[in-house]
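Participant: Here is a sequence with its predicted model. Questions after.
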Amino acid sequence: MANLHLAIAADFLLAEKLLEALENSTLNIAQISAVELEHFGEEHSLRFGAKAVAQIPLDDVDWSQFSHVLFAGKMAQAEVLANAVKAGCIILDLYGISALIGDVPVIVPSVNNEAIENMRERNIVALANPQVSQLALALKPLLDQPLAHIFVSSLLPSAYFGDEKVRELAGQTAQLLNGIPLDADTARVAFDTVPANVQGEEAKLPFSREFELQFAKVLPQLTACLTFHSVQVPVFYGISQMVTVQSNYPIDSHTLSEQWQQQAWLNVNLEQIITPVKNGENDDDCQNALQISQLLEKNDATVQFWTVADEQRFSLAFLAVELLKIVLDN
């Protein structure tokens with residue numbers, strides 16, 4: 001760990017969150033730099049503790065200077081990832097653009113850590129999509145029993161699709177509240193919902209439409225019984241999931257709740273329902289966790305529950321650092 005020379009290749013906002021998660025970790029980082037996959041702008045600067053972080057334009061980067069790369073690029077930047085691999089870097093692919101390559105492991109930290117053994121095939125490991133990691137962490141206590149079916153409805157915020165979608169939601173909301181109609185050919189984001197894989201760029205993003213194949217790498221035994229629905233909603237940050245689990249045997253909701261309470265990175269809320277807005281207003285420790293609430297026992301063998309997580313701070317930044325720890329330990 002003392003020789004960890006780390007590059008963060010991301011947009012500015014995610015780079016900030018990754019640096020915050022790294023600063024709160026126990027990792028000993030000898031060198032850390034940020035590679036500007038998109039130009040940060042002169043007014044934006046990054047810090048790691050008391051030190052300024054070097055910000056390197058993509059065209060100027062020498063990947064051979066780094067041992068590991070936290071890579072948060074889109075499919076159009078796959079060649080950048082390939083160049084870093086050729087230079088000898090170990091890549092942690094945070095957006096999973098390499099996840100569908102057969103011998104690239106896809107990992108949800110603490111769920112399938114053993115898959116890291118396959119990383120050396122290409123020196124690439126993919127962090128599971130936020131929808132996958134959120135579900136897998138919630139299902140951990142139930143993995144030892146035969147499950148008949150899992151129904152999941154994911155409500156995806158604008159931030160799931162990137163900073164541009166967040167700005168689009170803010171702009172459309174302000175415009176419509178001021179009585180100014182949108183152009184007829186403008187895809188509606190504000191005050192509306194739509195299937196998550198049909199609008200604009202998200203229709204082309206592998207982490208939007210093919211995450212079920214990622215789930216098959218993480219928990220292959222559950223692939224046949226999983227039904228996933230994903231909906232884009234007019235929320236800025238925070239993925240919500242309504243999950244129904246049907247088992248072939250009775251499920252004790254009290255025991256399930258106790259198991260969740262013993263699980264790292266997870267908060268169980270018995271008295272109140274946590275929404276994305278409430279989660280965003282919580283303190284930092286709460287935001288760096290998966291929130292579970294409204295646990296209902298539908299019948300002896302069926303339970304329903306509601307989960308919320310900050311897809312930026314928790315599902316990407318925090319879990320990326322946990323994945324880095326796994327990589328360094330192997």
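Facilitator: Okay, I see it.

Participant: Tell me where the stretch 151-300 of the chain is predicted with low confidence.
Facilitator: Scanning the stretch 151-300 of the chain for pLDDT under 70 picks out 198-210, 283-287.

Participant: let's see it at 80
Facilitator: Within the stretch 151-300 of the chain, the set of residues satisfying pLDDT under 80 comprises 197-211, 282-287.

Participant: for the stretch 1-150 of the chain, same thing?
Facilitator: Along the stretch 1-150 of the chain, segments meeting pLDDT under 80 span 1-3, 41-43.

Participant: change it to 50
Facilitator: For the stretch 1-150 of the chain, the stretches with pLDDT under 50 are 1-2.

Participant: how about the strands in it?
Facilitator: Assigned by DSSP state E, counting those that start in this stretch, the stretch 1-150 of the chain shows strands spanning 4-10, 29-36, 47-48, 51-52, 54-57, 68-71, 90-93, 106-107, 124-127, 147-156.

Participant: Of these, which is nearest Pro276?
Facilitator: strand 147-156 (8.3 Å; CB to CB). No exception for glycine: its C-beta is placed from N, CA and C like everyone else's.

Participant: dump the residue contacts of Cys249.
Facilitator: No, residue 249 isn't Cys; it's Tyr. Tyr249 makes contacts with Gln145, Pro146, Ala301, as judged by CB atoms under 8 Å, 6 or more residues apart in numbering.

Participant: Confirm that it sits in a strand.
Facilitator: No: looking at Tyr249 with DSSP: H, G, I helix; E, B strand; the rest coil, it is coil, so not inside a strand.

Participant: Next, it: phi, psi?
Facilitator: Reported as degrees, to the nearest 10, the phi and psi values for Tyr249 are phi -130, psi 160.

Participant: can you tell me how far it sits from Leu226?
Facilitator: From Tyr249 over to Leu226 the distance is 18 Å, taken as CB to CB, to the nearest Å.

Participant: Helices of the stretch 1-150 of the chain, residue ranges please.
Facilitator: For the stretch 1-150 of the chain, applying DSSP state H, counting those that start in this stretch gives helices covering 12-23, 78-86, 130-139.

Participant: Just say which of the ones you listed is most tucked in.
Facilitator: By mean neighbour count, with neighbours taken as mean count of other CB atoms under 10 Å, helix 130-139 ranks first of the helices of the stretch 1-150 of the chain at a mean of 26.

Participant: In a markdown table: the helices of the stretch 1-150 of the chain, plus distance to Asn113.
Facilitator: What follows is the helices of the stretch 1-150 of the chain, written out as a markdown table (distance: least, CB to CB, whole Å):
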| stretch | distance to Asn113 |
| --- | --- |
| helix 12-23 | 18 |
| helix 78-86 | 22 |
| helix 130-139 | 12 |
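
Participant: Out of the ones you listed, the one nearest Gln172 is which?
Facilitator: helix 12-23 (19.8 Å).

Participant: From the contact counts, what lies against the closest one?
Facilitator: When contacts are defined as 3 or more CB pairs under 8 Å, 6 or more residues apart in numbering; DSSP states H and E, helix 12-23 sits against strand 4-10, strand 29-36, strand 47-48, helix 319-328.

Participant: What would it look like as PDB? C-alpha coordinates only.
Facilitator: The C-alpha coordinates for helix 12-23 follow below in PDB (Å, rounded to 0.1, in the frame of the first residue of the first chain):
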ATOM      1  CA  PHE A  12     -14.900  17.100 -11.300                       C
ATOM      2  CA  LEU A  13     -17.900  16.400  -9.000                       C
ATOM      3  CA  LEU A  14     -17.200  12.600  -8.700                       C
ATOM      4  CA  ALA A  15     -13.500  13.300  -8.300                       C
ATOM      5  CA  GLU A  16     -14.300  15.400  -5.300                       C
ATOM      6  CA  LYS A  17     -16.400  12.700  -3.700                       C
ATOM      7  CA  LEU A  18     -13.800  10.000  -4.400                       C
ATOM      8  CA  LEU A  19     -11.100  12.200  -2.800                       C
ATOM      9  CA  GLU A  20     -13.400  12.600   0.300                       C
ATOM     10  CA  ALA A  21     -14.000   8.900   0.500                       C
ATOM     11  CA  LEU A  22     -10.200   8.200   0.200                       C
ATOM     12  CA  GLU A  23      -9.400  10.800   2.800                       C
END
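
Participant: what angle do that helix and strand 29-36 make?
Facilitator: Orientation check (axes from the mean of the first three to the mean of the last three CA atoms, to 10 degrees): helix 12-23 against strand 29-36 gives 170 degrees.

Participant: And helix 12-23, how far out from the chain middle?
Facilitator: 14 Å (CA atoms, centre = their mean, to the nearest Å).

Participant: contacts for it?
Facilitator: 6, 8, 10, 29, 32, 34, 36, 38, 40-41, 44, 46-49, 53, 70, 72, 94, 163, 288, 312-313, 316-318, 320-321.
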